[in-house]
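Engineer: kindly return the folded structure for what I paste below:
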Amino acid sequence: MSGKASGSGITEKIKRLNELMAWFDSSEFSLEAAVDKYAEATKLAAEVEKALAELKNKISEIDNVGGEE
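Structural biologist: Numbers count the residues shown, from 1 in each chain. This is a model prediction of the structure:
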């Protein structure tokens, strides 16, 4: 997976999370749909958190290699 692809994936997931958050504040909100949308948002948030942690580790590795030179 390239850096651009993972960054793009994170961006798309964050965009979807923002859409879901806006839905919860909108007049379209319904309790019936809220459960499914909450589950989707929770899953997306976990995926974004994992991807960001992976990127943080890559940055740390780059910093460590740069410090050894």
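Engineer: what ranges do the helices span in this protein?
Structural biologist: For the chain, the helices defined by DSSP state H occupy 3-24, 31-68.
Engineer: now the angle from the longest one to helix 3-24?
Structural biologist: When you say that, I think you mean helix 31-68. Here the directions of helix 31-68 and helix 3-24 differ by 150 degrees (axes from the mean of the first three to the mean of the last three Cα atoms, to 10 degrees).
Engineer: helix 31-68 packs against which elements?
Structural biologist: When contacts are defined as 3 or more Cβ pairs under 8 Å, 6 or more residues apart in numbering; DSSP states H and E, helix 31-68 sits against helix 3-24. Every C-beta, even on glycine, is put in place using the N, C-alpha and C of the backbone.
Engineer: so which residues make contact with the helix it packs on?
Structural biologist: For helix 3-24, the surrounding residues in contact (Cβ atoms under 8 Å, 6 or more residues apart in numbering) are 29, 34, 37, 40-41, 44-45, 47-48, 51-52, 54-55.
Engineer: now the nearest residue to residue 34 once chain neighbours are set aside: how far from residue 35?
Structural biologist: In space, not counting the residues next to it along the chain, residue 34 is nearest to residue 24; the distance is 7.2 Å by Cβ to Cβ, 6 or more residues apart in numbering. Using Cβ to Cβ, to the nearest Å, we find residue 24 at a distance of 12 Å from residue 35.
Engineer: which of those two has more neighbours?
Structural biologist: residue 24 (13 against 10; other Cβ atoms under 10 Å).
Engineer: ok, that one to residue 30 distance?
Structural biologist: 11 Å.
Engineer: just want the most central residue of this protein.
Structural biologist: Nearest to the mean C-alpha position of the chain, counting by Cα atoms, centre = their mean, stands residue 48 at 2.5 Å.
Engineer: and the nearest residue in space to it that is not next to it in sequence, how far is that from residue 51?
Structural biologist: What sits nearest to residue 48 in space, not counting adjacent residues and going by Cβ to Cβ, 6+ apart, is residue 13, at 5.0 Å. Relative to residue 51, residue 13 is positioned 8 Å away (Cβ to Cβ).
Engineer: thanks a lot, see you next time.
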